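Peer 1: Got a sequence here, can you model it:
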Amino acid sequence: MGWSEIVKFFIALIVITNPIAAVALFLSLTKNRSMAQKHSIAVTAGVASLIIMIIVTWAGVPILNFFGITLPAFETAGGVIILIIGLSMLHSKTSRVQHAPEDHDEEKAKDNPGIVPIAIPFIAGPGTMTVIIVEAHKFNSAGNHGIMTAVAAVITLIALICLYFSSQIGRFVGESGMRIIVRVMGCFCSARRIAQG
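Peer 2: Residues are numbered from 1 along each chain as shown. Got it, this is the predicted structure:
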């Protein structure tokens, strides 16, 4: 992977993981928690997201091969998912592909929603997995997978920082600001998918 491919991969992941939308979900799920609990949940979400991305980077393509799924078929299905997520973001909504309402209700009663639904399916969900697997197939070598792992680590660090300081971000950006950012990311997400066919 050259620098241009690394930058493109980084942008694709930051758009599809959408840390600002994750902040909105995080604040909703943790509004009755103490600051210490919020920080613990944020760390759990970050670590879980990174583990998922690493597994998908190194094992995603072999898993597809094992089940006899061709990359073009996976790209088509994944492309539809990414487009749905992008269009949902344009309407400032969370796609059911990323996060179903029943997950939200179920997680309110649980101690730590960091893994489900924040890490998966929100941060490291189907869209993120699609982007990673397509790039892992395109740049199929241990060195490139190592670079992708490093990029995934940076992405999850950004997401972790956003979640860790979610209260401050929420106050600074405001609900309207978060909606604007989510819509801009949705525009990029949809445009990228359409441009790639």
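
Peer 1: Name the secondary structure element that contains F74.
Peer 2: Assigned by DSSP states H and E, F74 belongs to helix 71-90.

Peer 1: buried sites along that helix?
Peer 2: Under the neighbour-count criterion of 16 or more other C-beta atoms under 10 Å, helix 71-90 has 74-75, 78-79, 81-90 buried. Backbone N, C-alpha and C define where each C-beta goes, glycine included.

Peer 1: helices or strands next to it in the packing?
Peer 2: Helices and strands touching helix 71-90, by 3 or more C-beta pairs under 8 Å, 6 or more residues apart in numbering; DSSP states H and E, are helix 35-66, helix 126-138, helix 166-195.

Peer 1: by contact count, what packs against the last one?
Peer 2: With contacts defined as 3+ C-beta pairs under 8 Å, 6+ apart, the secondary structure elements packing on helix 166-195 are helix 3-17, helix 19-29, helix 35-66, helix 71-90.

Peer 1: for this structure, where's the lowest mean pLDDT among helices and strands?
Peer 2: Least confident helix or strand, the chain: helix 101-108 with a mean of 49, by mean pLDDT, DSSP states H and E.

Peer 1: Next up, the contacts around the nearest residue to G114 once chain neighbours are set aside.
Peer 2: Computed as C-beta to C-beta, 6 or more residues apart in numbering, the closest residue to G114 that is not its neighbour in sequence is T44, at 3.1 Å. By C-beta atoms under 8 Å, 6 or more residues apart in numbering, the contact list for T44 reads 112, 114-115, 119.

Peer 1: I118 too?
Peer 2: If you count contacts by C-beta under 8 Å, 6+ apart, I118 has them with 22, 25-26, 29, 41, 45, 163.

Peer 1: so how far is I147 from I6?
Peer 2: 6 Å (C-beta to C-beta, to the nearest Å).

Peer 1: Distance of the residue lying farthest from the centre of the chain relative to W58?
Peer 2: Distance from the C-alpha centroid of the chain peaks at G68, with 25.7 Å (C-alpha atoms, centre = their mean). In this view, G68 and W58 are 20 Å apart by C-beta to C-beta.

Peer 1: R171 now?
Peer 2: From R171 to W58 the distance is 39 Å (C-beta to C-beta).

Peer 1: Check S49 too.
Peer 2: According to C-beta to C-beta, S49 stands 15 Å off from W58.

Peer 1: cool, P19 as well?
Peer 2: As defined by C-beta to C-beta, P19 lies at a distance of 24 Å from W58.

Peer 1: Who has more neighbours out of those two?
Peer 2: The residue with more neighbours, out of P19 and W58, is P19; 21 against 16, by other C-beta atoms under 10 Å.

Peer 1: So the more buried one is in contact with C162, correct?
Peer 2: Yes - taking C-beta atoms under 8 Å as the definition, P19 is a contact partner of C162 at 4.1 Å.

Peer 1: Can you name the residues that contact H39?
Peer 2: Contacts here follow C-beta under 8 Å, 6+ apart; on that basis H39 touches Y164.

Peer 1: Name the nearest residue to A191, sequence neighbours excluded.
Peer 2: Using C-beta to C-beta, 6+ apart and skipping residues adjacent in sequence, the residue nearest A191 is G86, 7.9 Å away.

Peer 1: That concludes my questions; thank you for your assistance.
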